[in-house]
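K.L.:
Quick one, what's the 3D model for this:
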Amino acid sequence: MKSIDSIGTITVTLFEEQTTGHRIAVKFDTTGRSQSFNNEEINLKKIRQRNPDVVHVVQYLGSYVLPIAHNKFEYIEENVERYLEEQKGALEPHMVLKQMLNALREIHSLGYVHRDVRPSNFLIHNHCVKLVNFGCATDYRRDGNHNSHQNLGNYQGNPFFASIGSLSGFNAFRKDDLEQLGYSIMYLLDRTLIPWSNSSNFDEVK
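P.N.:
Have a look, this model is predicted:
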């Protein structure tokens, strides 16, 4: 067992099954009250129901409630940022960036926006980019119709890569994911391209 990441009450840990040696990532909610934690399970199940053969979405392996609520996922060790920095992989940088775009196209075609697009949420497994962390994701359609544009007065996700509309409190659409992807690509290529790269809090970014 090895800790991979921790944000607030959410912890991600690597587990290796003793009998098979198979490794999985397990995300724990230590409080049992995280809305994004519960949303992620629902969102990933719906995405797989709409298309069981999605390519660029992390594989969800199930969940348990006791003794601590946790979700299980395929374990993917390599993240996009490190992959591009070390330049040791088979994929050229432009192919990595293209697959990041394809990941968004894939979930958008299934009626979802991610709302937390950033470099750390793109991992690479077997030369395939996978999008992870769907706790902020949501349907952008209701009953087959596109949601109306409205100010919800809040923001979810990482403000550093947020779209202008999302930072202003408006509900997110596909264009907001693409704007976040643009900031992510700028960051990966040369983070100094982002004017707010030295900002340290939400107000400075906004």
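
K.L.:
Find the helix or strand that Thr11 is a member of.
P.N.:
strand 10-16 (DSSP states H and E).

K.L.:
hang on, isn't Leu131 packed against His56?
P.N.:
Yes. Between Leu131 and His56 there is a contact at 5.7 Å, judged by Cβ atoms under 8 Å. No exception for glycine: its C-beta is placed from N, CA and C like everyone else's.

K.L.:
More neighbours: these two, which one.
P.N.:
Between Leu131 and His56, counted using other Cβ atoms under 10 Å, Leu131 has the larger neighbour count: 23 against 18.

K.L.:
and that one, bridged to which residues?
P.N.:
Val57, Phe122 (DSSP bridges).

K.L.:
Roughly how far does it sit from Leu189?
P.N.:
Remark: distance between Leu131 and Leu189 (Cβ to Cβ, to the nearest Å) = 19 Å.

K.L.:
same deal with Lys27?
P.N.:
30 Å.

K.L.:
residue ranges for the helices of this structure, please.
P.N.:
Along the chain, the stretches classed as helices by DSSP state H are 35-50, 80-86, 93-109, 164-167, 174-190, 202-205.

K.L.:
Indicate which one of these is closest to Asp139.
P.N.:
Taking Cβ to Cβ, helix 35-50 is the member of those nearest to Asp139, at 8.1 Å.

K.L.:
State the pLDDT value of Ser197.
P.N.:
Looking at Ser197, its pLDDT stands at 69.

K.L.:
With Glu92 instead?
P.N.:
pLDDT recorded at Glu92 is 90.

K.L.:
Next, work out how far apart it and Gln99 are.
P.N.:
Distance from Glu92 to Gln99, by Cβ to Cβ: 11 Å.

K.L.:
who's more crowded, those two?
P.N.:
Gln99 (20 against 11).

K.L.:
so what's the more buried one up against?
P.N.:
Residues near Gln99 by Cβ atoms under 8 Å, 6 or more residues apart in numbering: His56, Leu91, Cys128, Val129.

K.L.:
how about the residues you listed, which pair is most distant?
P.N.:
Between all members of the contacts of Gln99, the farthest pair (by Cβ to Cβ) comes out as His56 and Leu91, at 13.3 Å.

K.L.:
Now the common contact residues for Leu131 and His56.
P.N.:
With contacts defined as Cβ under 8 Å, 6+ apart, the residues shared by Leu131 and His56 are Ala103, Ile107.

K.L.:
if we can go back for a sec, restricted to buried residues, select the contacts of Gln99 in ChimeraX.
P.N.:
Buried subset of these, written as a ChimeraX selection, criterion 16 or more other Cβ atoms under 10 Å:
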select :56,91,129
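
K.L.:
can you count the residues close to the closest residue to His146 other than its chain neighbours?
P.N.:
Excluding the flanking residues, the one nearest His146 by Cβ to Cβ, 6 or more residues apart in numbering is Tyr140, at 6.6 Å. Taking other Cβ under 10 Å as the criterion, the count of residues near Tyr140 is 18.

K.L.:
Same check on Asn38?
P.N.:
16.
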